[in-house]
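Novice: coordinates only, no sequence provided:
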């Protein structure tokens with residue numbers, strides 16, 4: 001079973017020397033491995049570990065522990081629950097077991113509940129837990145509080161079904177709004193108005209009344225008690241889902257000053273009720289936590305200006321729809337508390353791996369069960385206070401979520417990503433703590449966790465061929481082969497040696513290189529060690545004790561290289577100056593490495609996006625007609641080149657004639673997601689020499705990862 005890893009790992013301890021040296025050729029340890037891909041392999045036994053050669057190396061550094069794992073899962077929103085209950089009973093049980101069972105299924109173990117109605121429901125009307133009868137204007141005693149709607153809509157029954165197949169599952173909950181009578185506009189759904197002086201920007205009219213902060217906190221406690229009476233423990237509340245969103249579905253604005261008061265009120269009310277429920281603050285986008293470049297951000301980190309609020313909080317919750325995910329790591333380090341991804345629609349295991357590497361303790365998907373048509377949903381992006389909700393339900397569709405229910409056959413299908421995400425969820429427990437490891441390289445991603453002397457490494461291979469990968473830990477290593485396009489999990493035991501003397505790492509002098517050249521730098525320590533960089537740029541690699549720079553972007557930057565013997569570690573900072581030069585034929589030119597651009601705001605939160613599935617981890621987004629990007633290339637000969645553009649389009653429809661590049665016009669296909677990149681190829685005629693080339697957006701609605709010219 002999942003909670004006792006010793007039952008699935010052969011009890012063999014690596015015989016590590018007291019002083020770690022270069023990776024040795026000792027016999028490979030007993031490694032339990034499975035992999036999942038998109039060709040029907042679901043938690044299939046992986047090829048055996050060996051001491052063979054490898055195409056890339058993952059250095060594991062147990063001397064640097066990071067965040068504890070909390071869980072992975074999805075929301076039990078009303079739409080998802082409703083669709084699960086359209087299945088025949090046996091099929092519903094099979095679906096829940098496939099999703100949540102840690103032995104036979106994906107092992108999802110953390111779920112988000114909604115306190116009252118969220119923005120996504122199948123059945124109108126939207127609801128709170130304290131709806132007032134006619135003639136009653138307030139209910140400070142919460143006399144009318146009831147979760148009956150949750151019971152009637154089978155939300156409670158779904159939680160219990162999950163508990164039966166996974167008793168270790170945990171649950172947290174979020175409200176989208178306080179009941180209408182607690183708000184300044186007496187309306188449970190959102191209400192928007194134009195920002196004064198603007199004809200495009202809106203703000204949320206409905207605010208939490210100052211005199212209702214305490215009763216709203218008690219409303220949360222009533223919810224906790226009501227669910228406890230059903231045998232369901234809610235271990236954490238979030239302060240409010242996406243406070244201040246300018247939308248007309250259920251939403252509410254609470255200023256950062258009100259958030260301070262509400263956090264303290266929730267903590268008081270929970271304690272007074274004798275409950276142990278925790279509290280996550282924020283529950284909003286990366287951008288809204290802290291972004292000095294933004295003129296609109298709410299900068300909600302200010303709630304921690306009050307040290308009492310910092311003591312009241314147990315974590316910071318994030319959503320990924322706006323901003324740079326690196327803010328998670330920054331927030332954890334600054335405020336010394338866990339960070340969580342509490343809502344995302346991104347099914348990519350590459351994103352999961354990258355977010356764990358950015359210190360996220362959990363990863364929770366939003367609204368992942370719809371029917372074969374992708375509806376019915378009552379969600380809208382319209383800023384219309386009088387929107388026709390029946391029309392919204394008739395026309396809003398979210399197809400191709402993780403689970404698709406066929407309402408005619410009463411059966412279901414799932415996306416391949418469910419099995420790939422299971423490579424994380426079914427093998428990790430809250431006992432696991434992430435340890436540092438080297439940056440993704442050669443098409444292989446990695447994240448590593450530890451529970452005592454048991455290690456779990458999740459590797460992703462984006463290459464089209466199987467890739468041998470050497471795992472190095474405290475001077476010993478072994479090689480595993482990750483099948484093409486697969487995500488694989490490897491589990492083994494290793495004892496880490498005791499400290500045996502100080503470790504010092506010689507400084508690296510400043511490095512100057514021409515763009516597209518190759519520079520190698522030797523690395524030196526006073527004793528045998530392994531070298532790695534946890535956040536290396538994509539054009540920097542480490543092979544043994546050699547640092548190799550093949551710079552693709554001009555300018556000055558710094559990055560960190562770490563030496564470790566498994567017990568201790570030391571950092572050096574490398575300063576790199578890259579002189580600009582044209583890219584030769586065959587070079588991958590990252591979209592963000594432009595020479596000039598038009599149409600975007602430099603420093604804008606959604607111009608250069610952080611995307612784990614993109615080459616180099618970044619892409620150019622928010623394309624629009626008339627925008628352009630220029631790049632410098634240096635071609636040895638004139639001729640007709642193959643232009644490869646790596647693009648993603650999640651709009652649901654192709655974008656014909658979207659890009660002009662010289663004499664070529666490129667259409668962008670529907671790739672199935674904004675992070676689902678695909679290469680398109682067209683011929684283009686170009687002269688020889690050092691020159692600027694331009695990517696012109698004739699339409700918008702696509703993301704650009706890179707371009708490459710090949711003769």
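Specialist: Alright, I've got the coordinates. Computed from a predicted structure; not experimentally measured.
Novice: residue 47: what secondary structure?
Specialist: State at residue 47, reduced to three classes by DSSP: H, G, I helix; E, B strand; the rest coil: coil.
Novice: list the contacts of it.
Specialist: For residue 47, the contacting residues are 33, 480, 481, 483, by C-beta atoms under 8 Å, 6 or more residues apart in numbering. Every residue, glycine included, has its C-beta placed from N, CA and C.
Novice: can you show me the strands along the stretch 51-200 of the chain?
Specialist: For the stretch 51-200 of the chain, the strands defined by DSSP state E, counting those that start in this stretch cover 56-68, 71-74, 110-115, 170-175, 192-194.
Novice: now mean neighbour count and distance to residue 342 too, for those strands, in CSV please.
Specialist: Shown next, in CSV, are these (neighbours: other C-beta atoms under 10 Å; distance: least, C-beta to C-beta, whole Å):
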stretch, mean neighbour count, distance to residue 342
strand 56-68, 21, 15
strand 71-74, 25, 10
strand 110-115, 24, 6
strand 170-175, 22, 7
strand 192-194, 15, 24
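Novice: to residue 42, which of those lies closest?
Specialist: Closest of the strands of the stretch 51-200 of the chain to residue 42 is strand 71-74, at 16.7 Å (criterion: C-beta to C-beta).
Novice: show me the helices in the stretch 251-400 of the chain, by range?
Specialist: All helices of the stretch 251-400 of the chain, identified by DSSP state H, counting those that start in this stretch, fall at 256-272, 286-289, 307-312, 326-335, 349-357, 389-395.
Novice: and the first one, what's buried?
Specialist: Neighbour counts using 16 or more other C-beta atoms under 10 Å place 256, 258-267, 269-270 of helix 256-272 among the buried residues.
Novice: quick one: strands adjacent to the helix or strand of the chain with the lowest mean pLDDT?
Specialist: For the chain, using mean pLDDT, DSSP states H and E, the weakest element among its helices and strands is strand 608-610, scoring a mean of 85. Here strand 608-610 has these sheet partners by DSSP bridges: strand 618-620 (antiparallel).
Novice: now what about the strand it pairs with, what contacts it?
Specialist: Strand 618-620 has contacts (C-beta under 8 Å, 6+ apart) with 590-592, 594, 600, 607-611, 629, 648, 677, 703-705.
Novice: next structured bit after that strand?
Specialist: The helix or strand immediately downstream of strand 618-620 is strand 628-635, counting by DSSP states H and E.
Novice: pLDDT of that following strand, averaged?
Specialist: For strand 628-635, mean pLDDT is 96.
Novice: returning to that earlier point: tabulate the helices of the stretch 251-400 of the chain (JSON lines), appending distance to residue 188 and mean pLDDT.
Specialist: Formatted as JSON lines, the helices of the stretch 251-400 of the chain follow (distance: least, C-beta to C-beta, whole Å; pLDDT from 0 to 100):
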{"stretch": "helix 256-272", "distance to residue 188": "18", "mean pLDDT": "98"}
{"stretch": "helix 286-289", "distance to residue 188": "22", "mean pLDDT": "92"}
{"stretch": "helix 307-312", "distance to residue 188": "26", "mean pLDDT": "98"}
{"stretch": "helix 326-335", "distance to residue 188": "31", "mean pLDDT": "97"}
{"stretch": "helix 349-357", "distance to residue 188": "32", "mean pLDDT": "96"}
{"stretch": "helix 389-395", "distance to residue 188": "13", "mean pLDDT": "96"}
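Novice: rebuild those as a markdown table, extending it with distance to residue 206.
Specialist: Below are the helices of the stretch 251-400 of the chain laid out as a markdown table (distance: least, C-beta to C-beta, whole Å):
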| stretch | distance to residue 206 |
| --- | --- |
| helix 256-272 | 13 |
| helix 286-289 | 18 |
| helix 307-312 | 23 |
| helix 326-335 | 27 |
| helix 349-357 | 31 |
| helix 389-395 | 17 |
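Novice: how near is the closest residue to residue 549 other than its chain neighbours to residue 690?
Specialist: Once flanking residues are discounted, residue 549 sits nearest to residue 519: 4.7 Å by C-beta to C-beta, 6 or more residues apart in numbering. Here residue 519 is placed at a distance of 21 Å from residue 690 (C-beta to C-beta, to the nearest Å).
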